[in-house]
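In: Give me a 3D structure for the following:
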Amino acid sequence: MGWRGTLVLALAVLAAGLYLYRDLMAVNTELSWESVIGGPDAAPPGEQITHLLSFDPKTVTAIRLQRSAQEWRSERTSNGWSGVERPRDIDDFLTNLLGLAVVMPLDVAPDELAAHGLDPPEGVIELERANQPPVVLLLGRHNPPSTGVYAEVGEGGDVVLTGALARWEFDKAVRALSSTAAAR
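Out: Numbering: from 1, shown residues only. Next up is the predicted model:
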């Protein structure tokens, strides 16, 4: 194809582009050349996350973990956390709790909580805070592919699916609080 054929082809592509732009502008007058050519701006991945919990780790004065009849407790002291060999493990636990995300909110009736491992819960995390109500997270069963855990934010609160990391963090904190605890 010679230069004339290339010129005709370029003009045809330009005409089709102008027709498409005119057609899009008729439907949505707020479009600009940048939005047509560049496409929609996607939100950064960090802005798409709905965090499971919201609290300031520095305000936590004590933590209580419970699995079945077993209970572990640690209080913040001037040297870190009581009852742990490495107090940094509890600080990491609190920070990692803040990173948990809601994978999917669930509509679970009170009589369906047992089917999700939430009546009674398989694990309880309670964070006592200075001059504020405690943060309570109830952990249930793993979802069928074991990629997530059913959780209830506060007793009688919203039931959600969160990542399996929630159970892993819980087990890790139990091990930090009790060297004889067998994390299952």
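In: Helices of the protein, start to end?
Out: 3-27, 33-38, 88-98, 165-177 (DSSP state H).
In: What is the distance between the last one and the centre of its chain?
Out: Looking back up the chat, that one is helix 165-177. 17 Å (C-alpha atoms, centre = their mean, to the nearest Å).
In: by how many degrees do it and helix 88-98 diverge?
Out: For helix 165-177 against helix 88-98, the angle by axes from the mean of the first three to the mean of the last three C-alpha atoms, to 10 degrees is 160 degrees.
In: picking up where we left off before, ok, of the helices of the chain, where does mean pLDDT dip lowest?
Out: Ranked by mean pLDDT, the helices of the chain bottom out at helix 33-38, with a mean of 62.
In: Give me the neighbour count for residue 91.
Out: Using other C-beta atoms under 10 Å, residue 91 has 16 neighbouring residues. All C-beta atoms are positioned from the backbone trio N, CA, C, and that covers glycine.
In: In contact with the residue nearest to it when sequence neighbours are not counted, which residues?
Out: Leaving aside its sequence neighbours, residue 91 sits nearest to residue 57 (C-beta to C-beta, 6 or more residues apart in numbering; 6.9 Å). Going by C-beta atoms under 8 Å, 6 or more residues apart in numbering, residue 57 touches 91, 94-95, 98.
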